[in-house]
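In: quick check, what structure comes out for this input:
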Amino acid sequence: MLVEVQNSGNAALAAPALAVSPIAPTPANTFATANDNVTGGGDLAPGQVKTMEVTFTPPAAQNYSGTLTLTGTNLATPKTMPLAGRGV
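Out: Numbering: from 1, shown residues only. Predicted structure coming up:
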């Protein structure tokens, strides 16, 4: 899944970073980041868009869940997005 992060504010987002976290009982590495142009890519200017991918590698045929979290040194609270998938 391709994720686009856009700064809709009027100031740069300093040191943006994305991370995925499994929600128990989802095993680690079921969701992962790839081609991350957000984390470590410098500040995100107003209106600027950067992308990254979330990969899904289910170990068995069942439901899995996790969270994608965006942080920045000048972001008051982290922004989160739920992740869900089903192995087949």
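In: can you tell me the centre-most residue of this protein?
Out: In the chain, the C-alpha nearest the mean C-alpha coordinate belongs to residue 68, at 3.9 Å (CA atoms, centre = their mean).
In: I figured that residue hits residue 5, correct?
Out: No - checked against CB atoms under 8 Å, the pair residue 68 and residue 5 is beyond contact range at 9.9 Å. The C-beta positions use only the backbone N, C-alpha and C, and glycine is treated the same way.
In: where's the residue nearest to the centre of the chain relative to residue 26, distance?
Out: Remark: distance between residue 68 and residue 26 (CB to CB, to the nearest Å) = 13 Å.
In: cool, and residue 44?
Out: 28 Å.
In: cool, and residue 82?
Out: Counting by CB to CB - residue 82 and residue 26 are separated by 12 Å.
In: and those two? Which one has more around it.
Out: Neighbour count, other CB atoms under 10 Å: between residue 82 and residue 26, residue 26 has more, with 20 against 9.
In: list the contacts of the residue nearest to residue 56 when sequence neighbours are not counted.
Out: In space, and not counting its chain neighbours, residue 56 is closest to residue 85: 4.5 Å by CB to CB, 6 or more residues apart in numbering. The contact partners of residue 85, by CB atoms under 8 Å, 6 or more residues apart in numbering, come to 30-31, 56, 58, 63-65.
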